[in-house]
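In: Fold the stuff below for me.
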Amino acid sequence: RGGRPFVLFGPPGTGKTVTLVEMALQVMQLQLDPQGAVSFGSQYGPKGVPPRLLLCAPQNYSADLICSALAAAGLKPEHMFRLQDPRRRVVE
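Out: Numbering: from 1, shown residues only. Predicted structure coming up:
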């Protein structure tokens, strides 16, 4: 069940975040509909199971960029869960 995990690494400014966001969007689209006909507004794939991905980043800033880029691409905030260091100060 599921696929193998992979690691994306490299020096700053080499497009890791852009690559990770594009990969996540394509994987989610394939899980929702292999024909590519379902938009990200749908919650469930063909088997009635919501697609799930675990995306990790070494810094809060990197994770913020990933979440922001996914939201800008149309992924709804209620379909994301952002876990962060409890010591981080949250500004409302």
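In: so what's D85 closest to, chain neighbours aside?
Out: Spatial nearest neighbour of D85, excluding adjacent residues (C-beta to C-beta, 6 or more residues apart in numbering): N60 at 6.5 Å. The C-beta positions use only the backbone N, C-alpha and C, and glycine is treated the same way.
In: Now do stretch 57-68, average pLDDT.
Out: Computed over stretch 57-68, the mean pLDDT rounds to 86.
In: which other residues reach that stretch?
Out: Contacts to stretch 57-68, defined as C-beta atoms under 8 Å, 6 or more residues apart in numbering, come from residues T17, L20, V21, A24, L55, C56, M80, R82, Q84, D85, R88.
In: Extract the C-alpha trace of it and format it as PDB.
Out: As requested, C-alpha coordinates have been extracted for stretch 57-68 and formatted as PDB (Å, rounded to 0.1, in the frame of the first residue of the first chain):
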ATOM      1  CA  ALA A  57      10.700  20.600   5.700                       C
ATOM      2  CA  PRO A  58      13.700  21.300   7.900                       C
ATOM      3  CA  GLN A  59      12.600  24.900   8.900                       C
ATOM      4  CA  ASN A  60       9.300  26.600   9.600                       C
ATOM      5  CA  TYR A  61      10.000  29.100   6.800                       C
ATOM      6  CA  SER A  62      10.300  26.300   4.300                       C
ATOM      7  CA  ALA A  63       7.100  24.600   5.500                       C
ATOM      8  CA  ASP A  64       5.300  28.000   5.300                       C
ATOM      9  CA  LEU A  65       6.400  28.400   1.700                       C
ATOM     10  CA  ILE A  66       5.200  24.900   0.800                       C
ATOM     11  CA  CYS A  67       1.800  25.500   2.400                       C
ATOM     12  CA  SER A  68       1.500  29.000   0.800                       C
END
